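**Q** Following is a predicted model, sequence given first.
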Amino acid sequence: MALWAALIALSSVVFNAYARLSEAGLGCPDWPGCYGKLFAPLTAQDIERAKSYEGERKETGERVWKETTQRAIAVSLAFVLLRLTVLGWQLKKRKRSQQVLIPGMTALLVASLTVLGVLTFTHRYKPLVQMMQIVGGMTVLALLWWIVMREQRFFRSVSASAIARSLRPRTLILLVFASLQFALGGWSMVNYAGLACPDFPTCQGSWWPGMEVLDGFTLWQDLGIDYESRLLNLPAATALHMAHRVGALVTLLYGGWLAMHILRVGNEENLCRYGLLVLIMLSFAAVLGVMQVVLHLPLAVAVGHSAASALLLMSLVTLYHVVRAPKT
C-alpha cells in the first residue's frame, strides 16, 4: 500500500508541474514558437517584451479538467494515506517495530497541503504559497518512499559496514544539497524565471549578468495583476535563474563525485548499483535542465525535468536507506 501511495505522490508531483507550466509558466506557452513569435526571445529586450505578453487565455474547459485531475489525485492520495495510517496502528498492536510515526506525519502534511490548496485561490498570486505546495509535495514523496524502503527487503541495509558508516554523512550532505536545489527550482518555477537566461552556458551573453538578488528572493510578493501578465523584472528573474544554475552545478559536482566514489569502493557491499542509480538520475536531471534552455523551454522537456528531479530524490532516499544508521 505504501508503494501505491508513493506512485500516486509521484504522479501528483509530475502532473502539478505540467498544470503549472502549461498555464503560461516557466516554459513558452506555445512551441516551437514562443509567446506568439516564430523564435524564442534571445536578447534582454526581447525577454522583457515576452514577459509582458498576454496571449489569448486558454479555454476554461481545459483549465477545469486540469484542476479536476489534480483534485482527484490529491483525494486518492489522501484516502490511501488514511488507510495506510489506520493499518499501521492496527499492526502496531501485534508488531512493536511497525512504523506509525512517519505515515501519521505524512498524512498531516497532506492535510496541510490541502489547506495550502485553498490558500492558492485566496492568495493565488503569492509565489511563496505555490512554492510551499511544490516543496510539500516533494516532501510527501520522500516520506512515502522512505516507508516503502523500510518495508521492503530487496534494498537491504548495510549499515553495519565501515563503508556504509563513511557514506552516511556524505549521502546526507547530498540530500541537503539536492533539497535546496529543489527549493531553488520551485522558486524559479513559481516566479516564471525560465526565460531570464535564454542561452547556455552564458546568460544573456554574459557569464555573470546584472542581477537584483534581494528583489528575486523577496518571499512574500505578488506576481502582478495575474500570473499570466506582469512578472518579476528581468534582473530579479535573472538572479533566480542563476541561483538555480549555481545550485545545479554544486549538486552535480558533489553528487557526481559521491556516485563515482561509491562505484569505486562499494563493490564489497554491493553498493555499486546505488552509486550508478544516483549518477544516472543526476545526469538525467542535468541534461534535461540544459535542454530546457537550449530548446527554449518546451513544455515536455520542462515537465520531464520536474519528473527527473522527483526520481533523483527517490534515488537519494534509497541510497540513504541502504547506508542509514542501525535502528535503536
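**A** Great, that's in hand. If you're wondering where the values come from, they're calculated on a predicted model, not measured in any experiment. Numbering: from 1, shown residues only.
**Q** domains in the chain, as residue ranges please.
**A** Structurally, the chain divides into domains by automatic domain parsing as follows: 1-23+58-152, 156-328.
**Q** which stretch in these has the least confidence?
**A** If the domains of the chain are sorted by mean pLDDT, domain 1-23+58-152 sits at the bottom with a mean of 75.
**Q** who's in contact with the helix or strand where Val115 lies?
**A** Here Val115 is covered by helix 101-122, with elements defined by DSSP states H and E. Under the contact criterion C-beta atoms under 8 Å, 6 or more residues apart in numbering, helix 101-122 has outside partners 2, 74, 77-78, 81-82, 84-85, 88, 126, 129-130, 132-133, 136-137, 139-140, 143-144, 146-147. Every residue, glycine included, has its C-beta placed from N, CA and C.
**Q** Can you give me the buried ones in it?
**A** 102-103, 106-107, 109-110, 113, 116, 119 (16 or more other C-beta atoms under 10 Å).
**Q** now stretch 169-179
**A** In stretch 169-179, the ones that count as buried by 16+ other C-beta under 10 Å are 170-171, 174-175, 177-179.
**Q** Same check on stretch 274-294?
**A** Buried residues in stretch 274-294 (16+ other C-beta under 10 Å): 274-279, 281-286, 288-293.
**Q** same check, this time on stretch 205-212
**A** Of all the residues in stretch 205-212, those buried under the rule 16+ other C-beta under 10 Å are 209, 211-212.
**Q** what's the offset of it from the middle of its chain?
**A** Using C-alpha atoms, centre = their mean, to the nearest Å, we find the averaged C-alpha position of stretch 205-212 to lie 25 Å away from the chain's own average C-alpha position.
**Q** how about the helices in the chain?
**A** Under the criterion DSSP state H, helices of the chain are mapped to 2-22, 44-51, 60-92, 101-122, 127-151, 162-190, 213-216, 234-265, 272-294, 299-323.
**Q** Okay, angle between the last one and helix 127-151 too, please.
**A** What that stands for is helix 299-323. Compare the direction of helix 299-323 with that of helix 127-151 by axes from the mean of the first three to the mean of the last three C-alpha atoms, to 10 degrees and you get 40 degrees.
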